[in-house]
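Visitor: Please work out how this folds:
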Amino acid sequence: MKIRDLEVIKLSSKEFYEKDALAVKEGAEHYMDVLVIKIVTENGEIGYGESIAYGALDAVSTTIEKVLKSIILDEEVAPISLWDKMYKATFRLGRRGIMISAISGVDIALWDILGKEFGSPIYSILGATNKRIKGYITGGYYRQDKDIEKLLEEVKSYVDKGFDTVKIKIGGLKIEDDLKRLKAIREEFENVSIAVDANNVYDFNTALRVGRELEKLGIMFFEEPIPTDFPSLSAELAKELDLSIAGYETAFTLYEFRDIILNHAVDIVQADAAWNGGITEMLRIGNFARAFGLPLIPHYSAGGIGFIASLHTALATNSPMIEYHLRYNPLREGLVGEIRYEGGEFIPPQKPGLGISLKEEYLEKYKVEK
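Guide: Numbering: from 1, shown residues only. Here you go, the predicted structure:
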């Protein structure tokens with residue numbers, strides 16, 4: 001089954017992003033824009049993928065349309081082989097960021113087609129039998145109008161939906177203020193596991209100071225405490241602290257994760273199918289992590305297609321948990337339909353491929369024409 005066409009649809013999240021400010025600083029976050037990649041085969045089968053654009057819609061879109069499209073057209077649908085072909089053909093153009101995000105979306109669409117060709121969900125053709133995975137909810141984004149009382153109400157809403165693990169953003173406030181928020185959650189919800197995410201904002205000494213305070217609170221893991229560029233410093237931090245260091249979703253491909261893992265820079269490995277190289281590369285990262293006794297706990301931040309792709313991959317790598325958001329996001333359920341969870345566990349779609357049907361009205365509503 002050969003590839004006949006590829007289309008890229010740019011979707012902007014700017015409208016809803018502004019309704020919920022993030023607790024990070026220094027440009028670490030952008031609009032969670034995504035690209036939907038639509039691949040059509042010669043017999044009319046369609047596969048969908050997602051690339052995270054983070055404020056670079058035009059750059060990622062152009063990379064797919066002008067570079068990757070010509071590499072895969074008229075080729076057989078073979079995700080692993082085509083991933084290697086795209087990667088090798090673009091080695092002069094980049095090994096991180098835009099290029100890998102672009103490859104990610106194309107790869108996910110290819111796996112969607114392959115699953116449909118075999119008539120099975122992706123997790124099933126990858127050999128997984130478990131149909132559930134525990135989820136944790138990321139929240140606690142700081143806004144000026146969100147005091148501690150509102151923060152506690154937010155966490156309670158997650159608990160009421162069946163989740164017993166939350167991750168709170170830190171690093172956008174003074175350390176004392178972040179700790180005050182975390183202490184309030186710990187006192188109010190004794191049976192809730194709490195993780196934190198610093199989004200790369202601390203230097204080593206600050207991260208060490210914060211980490212020692214987090215240990216006193218029984219924090220489950222400390223995510224991206226320092227910039228991804230310093231795996232040796234992250235390794236030193238992991239050695240100094242008793243709590244687990246998690247990361248780094250801002251790394252790209254197996255090769256960068258190889259260096260992070262070999263440096264013992266993390267205790268928990270985080271990857272994202274829509275960002276770090278697609279399902280193909282996320283599988284490789286997960287299997288490499290497993291060889292060193294480390295769990296893969298997928299990252300999530302943007303659209304519904306990317307979450308479903310990571311969910312299938314997480315099942316195939318026996319991941320213990322997967323990240324999710326419950327804040328307003330029409331590019332998630334609005335785009336792909338219901339994302340099922342029961343008792344704090346996510347259940348993958350059972351239809352072939354990714355198992356999703358895109359809602360055309362949302363594609364049109366959030367499409368960026370230029």
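Visitor: Check for me that residue 196 belongs to a strand.
Guide: Yes: counting by DSSP: H, G, I helix; E, B strand; the rest coil, residue 196 is located in a strand.
Visitor: Could you check how many residues crowd around residue 169?
Guide: By other CB atoms under 10 Å, the residues close to residue 169 number 22. For glycine as for every other residue, the C-beta is placed from the backbone atoms N, C-alpha and C.
Visitor: Check the burial of the residue lying closest to residue 234 once chain neighbours are set aside by counting its neighbours.
Guide: Spatial nearest neighbour of residue 234, chain neighbours left out: residue 265 (3.8 Å); criterion: CB to CB, 6 or more residues apart in numbering. Residues near residue 265, counting by other CB under 10 Å, number 26.
Visitor: what does residue 216 give?
Guide: By other CB under 10 Å, the residues close to residue 216 number 11.
Visitor: per-residue pLDDT, it?
Guide: Looking at residue 216, its pLDDT stands at 97.
Visitor: And residue 34, by the same measure?
Guide: In this model, residue 34 carries a pLDDT of 89.
Visitor: Next: residue 27.
Guide: Predicted confidence (pLDDT) for residue 27: 45.
Visitor: now residue 180
Guide: If you check residue 180, the pLDDT there is 97.
Visitor: ok, now how distant is it from residue 321?
Guide: Noted for residue 180: a distance of 27 Å to residue 321, by CB to CB, to the nearest Å.
Visitor: In terms of packing, which of those two has more residues around it?
Guide: More neighbours surround residue 321 than the other of residue 180 and residue 321, with 22 against 12 (other CB under 10 Å).
Visitor: Let me see the domain layout of this structure.
Guide: Domain assignment for the chain, taken from automatic domain parsing, gives 3-119+360-366, 124-347.
Visitor: now the end-to-end length of the last one.
Guide: Criterion CA to CA, to the nearest Å; first-to-last residue distance in domain 124-347 is 13 Å.
Visitor: Ok, stretch 63-71 next?
Guide: 12 Å.
Visitor: ok now stretch 350-368, how far from the chain's centre?
Guide: 18 Å (CA atoms, centre = their mean, to the nearest Å).
Visitor: pLDDT on the helix or strand where residue 150 lies, on average?
Guide: Counting by DSSP states H and E, the element that carries residue 150 is helix 148-160. Here helix 148-160 scores 96 as its mean pLDDT.
Visitor: One more: stretch 115-129?
Guide: What stretch 115-129 shows for mean pLDDT is 96.
Visitor: Any buried residues in it, and which?
Guide: By 16 or more other CB atoms under 10 Å, the buried positions in stretch 115-129 come out as 115-117, 120-126, 128.
Visitor: Show me the contact partners of the helix holding residue 150.
Guide: For helix 148-160, the external contacting residues (CB atoms under 8 Å, 6 or more residues apart in numbering) are 137, 139-140, 146, 166, 180-181, 184-185, 188-189, 192, 326.
Visitor: Which residue ranges of the stretch 151-300 of the chain form helices?
Guide: Shown for the stretch 151-300 of the chain, the helices assigned by DSSP state H, counting those that start in this stretch span residues 175-188, 204-216, 231-240, 253-262, 278-291.
Visitor: could you list every residue that touches the nearest residue to residue 258 once chain neighbours are set aside?
Guide: Spatial nearest neighbour of residue 258, chain neighbours left out: residue 288 (6.5 Å); criterion: CB to CB, 6+ apart. Contact analysis of residue 288 by CB under 8 Å, 6+ apart lists 254, 257-258, 261.
Visitor: quick one: which of those has the most company?
Guide: Neighbour max across the contacts of residue 288 (other CB under 10 Å) = residue 257, 29 neighbours.
Visitor: Wait, that residue touches residue 282, no?
Guide: No: at 9.8 Å, residue 257 does not count as touching residue 282 under the criterion of CB atoms under 8 Å.
Visitor: residue closest to the middle of this structure?
Guide: Nearest residue to the geometric centre of the chain (CA atoms, centre = their mean): residue 300, 2.8 Å.
Visitor: Quick check: it vs residue 309, distance?
Guide: 10 Å.
Visitor: Kindly report the same for residue 185.
Guide: Taking CB to CB, one finds residue 185 at 31 Å from residue 309.
Visitor: do the same with residue 49
Guide: 7 Å.
Visitor: where do the contact lists of these two overlap?
Guide: Taking CB under 8 Å, 6+ apart as the contact rule, residue 49 and residue 309 both touch 108, 274, 278.
Visitor: As a markdown table, those with neighbour count would be great.
Guide: Shown next, in a markdown table, are the shared contacts of residue 49 and residue 309 (neighbours: other CB atoms under 10 Å):
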| residue | neighbour count |
| --- | --- |
| 108 | 33 |
| 274 | 31 |
| 278 | 32 |
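Visitor: closest to residue 355 among those residues?
Guide: residue 108 (12.6 Å; CB to CB).
Visitor: Surely the closest one and residue 37 touch.
Guide: Yes: contact criterion CB under 8 Å: residue 108 and residue 37 qualify, at 7.4 Å.
Visitor: which residues do the two both contact?
Guide: Contacts common to residue 108 and residue 37, judged by CB under 8 Å, 6+ apart, are 48-50.
Visitor: quick one: buried residues of stretch 57-76?
Guide: For stretch 57-76, using 16+ other CB under 10 Å, the buried residues are 57, 60-61, 63-64, 67-69, 71-72.
Visitor: count of neighbours near the residue lying closest to residue 103 once chain neighbours are set aside?
Guide: Nearest residue to residue 103, sequence neighbours excluded (CB to CB, 6+ apart): residue 86, at 5.1 Å. A count of nearby residues for residue 86, using other CB under 10 Å, gives 22.
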